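Enquirer: build the 3D model from these lines:
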Amino acid sequence: DQVTPDEKPVAITLFHAGREAAANGDLDEALRQFRAGAKILRERHLGLPENLVAPFLETLFKESERDPAKAPAIHAEMFEAAQLVQGSLTAQYIAKAAARLAAGDQRVSVALRELQEAEIALKTLFAERDTEAQKPASLQDGKKLAQLDAAIASAEGKRNASEAAAQAAAPAYGQLIQAEASTKTVTELLLSGEGFLSLELGQKSSFGFLITRQGVTAFRVGLTVASAADAVNHLRKTAQVDINERGEVSIPAFDVAAAYRLYRDLFAPVAAKLAGIDRLVISSSGPLLSLPFEMLVTDEIPAVGNGDYRGVPFLLKRFALSYVPAPQTFVRLRQIKSASSAPEPYAGFGDFRKPSHAQFAAVFPRDRCASDLDALDQLKDLPGTRQEIQDVAKLLSVKPQDIVLGEKFTKATLEGTDLRRYRVVHLATHAFLPTELRCLSEPSILMSVSPQAASAKDAFLYSAEVLRLQMDADLVILSACNTAGPGGAAGESLSGLARAFFFAGTRGLMVTHWSVDDDSAEFVSTRTMLGMKPGATRRDTTLALRQAKLDRLMTAGTPGGPSIIFSHPFAWAPFVLIGDGLRVAPETAEKTAPATQAGG
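Expert: Residues are numbered from 1 along each chain as shown. Below you'll find the model as predicted:
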């Protein structure tokens, strides 16, 4: 506390002290220590690993059980305390994004450098004061201590001013730093009939938070990071088409029993409070970031043996779902009051040209990145994305110049396009997460490069580069992408990619949790766009996507519809909306409950 008062080391020490007090049964002292540490973290916009924050949540929950009259206030405090958890990948992403911001803009570079210098100056003053204060009392120079205290106060003011200047020069930096969304603010921003579900998985214990207009309820979740990873990975495996080395396709039986068990683990404690709710915004952590909740099953039913999943009570039929990387993302998006004012409806980019082996090898040398190079060599072209883009363009009467396909779909073309002109930006191509390519440090999107290019370096648009794009979009569609592989690290990487697109200027991001067949990608994309098309029956993106997925599920096996196999979750479950997308005014928006389950 003498060396670095009100800085992160003090906060960590206070959290350790709180843990020890709680272990000794002194909840009051534990909460005093935890709250003091949390105050420092909030003032400094810092986060901590889950294992340090978990004892704080446990202590608060025990306090709410000890004094039920205080439970509503304590549950609200728990929701805000859970936001102090920061994953390692998120921290790395923020650092890299800040560095890239500084590298490309002189004004931003100066602001961030001044902030760093202010931090260093403050730490130097702390150390100097500590040296003087540790002398015997008779040898201490009271005048010098007073001067140092005044200098520290001045330096703290300069540091705070520098941080404000950095956020003004680089709003992305302000969006990326650790911030908190208060329970009150989230409650006030909810729509009628809407709930916000936050799930924080821990190594030893986990908690959920359901916020409605009536308040917040904290509850225990009967899963840990490890058990949730097993459950999610198993369920994803039964939801995806399997293609063997010979290219033969097989569709596994979707495990409806496992889908029900996971639903029960996540929703049972607050089932009664979900009455009257028809929309859910979900903020989750760890392996749950890789779960499309729509394929959870809300009742115990027999296994499906005939391949017809239309009668399964999927969560898709109960709620319109959307996702956010964190509660503060929800707050920032909801504070945007207007829809896109862009003049053009749509820009589509697809049918990329795969770089050559030599071009990939120049970026992923075999001596260090052999597995990545082999994986990239095995990539397939995506000719179906051409038809997907063209179908949406036809539906929306898009101008030919707003469609970019084949060898023209390059990073230079994308970055040279005035994306602020388009309400929807559609990128139909491969995307990668750091969990998929070992030598890749951040999420990226793959594009064409010239056959004459020396390497595939410019084939990758990295998430930190997305920050530089300027949009005024209701929706960005990342179609034909495996943008959310299994495991917590993959989900956290996807959250970083989403944060980047939100800063670039979109209100929503539609992604797929696994590779999707061309027909389903085309169907869901065009149906979602049809639902968002201006007119008397216009839906917001949340409802339009939900209806498109219901149409895929419920029209399978009907006269004139697709084969019954498309009722399987592989065909409709992977599509999810992160953020809001287009919001339609309440007086014209359709309610979720009357949404038809077939035919649109």
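Enquirer: from here on, contacts and neighbour counts on C-alpha atoms
Expert: Fine.
Enquirer: and for K394, the neighbour number?
Expert: 12 (other CA atoms under 10 Å).
Enquirer: which of the helices or strands spans it?
Expert: Assessed by DSSP states H and E, K394 sits inside helix 384-395.
Enquirer: what helices or strands is that helix leaning on?
Expert: Helix 384-395 makes packing contacts with strand 347-350, strand 403-405, strand 424-428, helix 518-532 when contacts are defined by 3 or more CA pairs under 8 Å, 6 or more residues apart in numbering; DSSP states H and E.
Enquirer: CA atoms only: put the last one into CSV for me.
Expert: So the one you mean is helix 518-532. The C-alpha coordinates for helix 518-532 follow below in CSV (Å, rounded to 0.1, in the frame of the first residue of the first chain):
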residue,chain,number,x,y,z
ASP,A,518,-24.4,-23.8,-48.6
ASP,A,519,-28.2,-24.3,-48.8
SER,A,520,-28.7,-23.5,-45.1
ALA,A,521,-26.4,-20.5,-45.2
GLU,A,522,-28.3,-19.1,-48.2
PHE,A,523,-31.7,-19.8,-46.7
VAL,A,524,-31.0,-18.3,-43.3
SER,A,525,-29.2,-15.2,-44.7
THR,A,526,-31.9,-14.4,-47.2
ARG,A,527,-34.8,-15.1,-44.8
THR,A,528,-33.2,-12.9,-42.2
MET,A,529,-32.7,-10.1,-44.7
LEU,A,530,-36.3,-10.5,-45.9
GLY,A,531,-37.6,-10.2,-42.3
MET,A,532,-35.6,-6.9,-41.9
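Enquirer: that one packs against which elements?
Expert: Here helix 518-532 touches helix 384-395, helix 541-555, going by 3+ CA pairs under 8 Å, 6+ apart.
Enquirer: can you list contacts of it?
Expert: Here helix 518-532 makes contact (CA atoms under 8 Å, 6 or more residues apart in numbering) with 384-385, 387-388, 391-392, 395, 479-480, 537-541, 544-545, 547-549, 552, 571-572, 582.
Enquirer: swap the cut-off to 6 Å and go again
Expert: The contact list for helix 518-532 (CA atoms under 6 Å, 6 or more residues apart in numbering) reads G384, E388, V392, R538, R539, D540, A544, L545, A548, A571.
Enquirer: export the helices and strands packed on helix 518-532 to a markdown table and tack on mean pLDDT and distance to F566?
Expert: Output for those, formatted as a markdown table (pLDDT from 0 to 100; distance: least, CA to CA, whole Å):
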| stretch | mean pLDDT | distance to F566 |
| --- | --- | --- |
| helix 384-395 | 92 | 18 |
| helix 541-555 | 96 | 7 |
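Enquirer: of these, which approaches S154 most closely?
Expert: helix 541-555 (48.8 Å; CA to CA).
Enquirer: return the list of helices and strands in contact with the closest one.
Expert: Judged by 3 or more CA pairs under 6 Å, 6 or more residues apart in numbering; DSSP states H and E, helix 541-555 is in contact with helix 518-532.
Enquirer: quick one: average pLDDT of the helix it packs on?
Expert: Helix 518-532 carries an average pLDDT of 92.
Enquirer: check stretch 425-438 too.
Expert: On average, stretch 425-438 scores 82.
Enquirer: got the end-to-end distance for that stretch?
Expert: The first residue of stretch 425-438 is 29 Å away from its last residue (CA to CA, to the nearest Å).
Enquirer: show me what counts as buried in that stretch.
Expert: For stretch 425-438, the neighbour count (16 or more other CA atoms under 10 Å) marks 425-437 as buried.
Enquirer: again with stretch 549-569
Expert: Residues of stretch 549-569 classed as buried by neighbour count (16+ other CA under 10 Å): 549-557, 562, 564-569.
Enquirer: with stretch 194-205 instead?
Expert: In stretch 194-205, counting by 16+ other CA under 10 Å, buried: E194, G195, F196, L197, S198, L199, E200, L201, G202, S205.
Enquirer: ok, the residue nearest to G531 when sequence neighbours are not counted to D551 distance?
Expert: Closest residue to G531 apart from its sequence neighbours, by CA to CA, 6 or more residues apart in numbering: A544 at 4.8 Å. As for A544, its distance to D551 is 11 Å (criterion: CA to CA).
Enquirer: hmm, back to that, and the buried residues of stretch 194-205, which of them are in strands?
Expert: Mapping the buried residues of stretch 194-205 onto strands (DSSP state E) picks out E194, G195, F196, L197, S198, L199, E200.
Enquirer: want to throw these into CSV with pLDDT?
Expert: Below are those laid out as CSV (pLDDT from 0 to 100):
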residue, pLDDT
E194, 96
G195, 97
F196, 98
L197, 98
S198, 96
L199, 96
E200, 95
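Enquirer: let's have those residues in a markdown table, adding distance to L280.
Expert: A markdown table is the format used below for these (distance: CA to CA, whole Å):
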| residue | distance to L280 |
| --- | --- |
| E194 | 6 |
| G195 | 5 |
| F196 | 6 |
| L197 | 7 |
| S198 | 10 |
| L199 | 13 |
| E200 | 16 |
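Enquirer: from the residues you listed, pick the one nearest Q147.
Expert: Nearest to Q147, judged by CA to CA, of those is E200 at 45.2 Å.
Enquirer: separation between the closest one and L84?
Expert: Applying CA to CA to E200 and L84 gives a distance of 11 Å.
Enquirer: out of the ones in strands among the buried residues of stretch 194-205, what pair is the most spread apart?
Expert: Spatial extent of those (CA to CA) is set by the pair E194 and E200 at 20.0 Å.
Enquirer: what sits closest to L315 if chain neighbours are left out?
Expert: E294 (4.9 Å).
Enquirer: which stretches of the stretch 151-300 of the chain have low pLDDT?
Expert: 167, 169-179, 244-247 (pLDDT under 70).
Enquirer: for it, what spans make up the strands?
Expert: Applying DSSP state E, counting those that start in this stretch to the stretch 151-300 of the chain gives strands spanning 194-200, 206-212, 215-221, 242-243, 249-250, 279-283.
Enquirer: okay if I get the ones you listed as TSV plus distance to K354?
Expert: Below are the strands of the stretch 151-300 of the chain laid out as TSV (distance: least, CA to CA, whole Å):
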stretch	distance to K354
strand 194-200	39
strand 206-212	43
strand 215-221	44
strand 242-243	21
strand 249-250	23
strand 279-283	35
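Enquirer: looking at these, spot the one closest to F56.
Expert: Nearest of those to F56, taken as CA to CA: strand 206-212 at 11.8 Å.
Enquirer: partners of the closest one, with directions?
Expert: When pairing is defined by DSSP bridges, strand 206-212 lines up against strand 194-200 (antiparallel), strand 215-221 (antiparallel).
Enquirer: V241 is nearest to which of the ones you listed?
Expert: strand 194-200 (28.3 Å).
Enquirer: any idea of the pLDDT on the residue at the greatest distance from the centre of the chain?
Expert: Centroid-distance maximum for the chain: S138 at 56.8 Å, with CA atoms, centre = their mean. Looking at S138, its pLDDT stands at 86.
Enquirer: next, it: secondary structure please.
Expert: When classified by DSSP: H, G, I helix; E, B strand; the rest coil, S138 comes out as helix.
Enquirer: which strand or helix spans the residue lying closest to P365 once chain neighbours are set aside?
Expert: Nearest residue to P365, sequence neighbours excluded (CA to CA, 6+ apart): L373, at 7.4 Å. Element membership of L373, judged by DSSP H and E, is helix 366-377.
Enquirer: export that helix as PDB, just CAs?
Expert: C-alpha atoms of helix 366-377 as PDB (Å, rounded to 0.1, in the frame of the first residue of the first chain):
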ATOM      1  CA  ARG A 366       6.800 -25.000 -41.900                       C
ATOM      2  CA  ASP A 367       9.600 -25.000 -39.300                       C
ATOM      3  CA  ARG A 368       7.400 -23.100 -36.800                       C
ATOM      4  CA  CYS A 369       3.800 -23.400 -38.100                       C
ATOM      5  CA  ALA A 370       3.600 -26.700 -39.800                       C
ATOM      6  CA  SER A 371       0.100 -27.600 -38.400                       C
ATOM      7  CA  ASP A 372      -1.200 -24.200 -39.500                       C
ATOM      8  CA  LEU A 373       0.200 -24.500 -43.000                       C
ATOM      9  CA  ASP A 374      -1.300 -28.000 -43.400                       C
ATOM     10  CA  ALA A 375      -4.700 -26.800 -42.200                       C
ATOM     11  CA  LEU A 376      -4.700 -23.800 -44.600                       C
ATOM     12  CA  ASP A 377      -3.600 -26.000 -47.500                       C
END
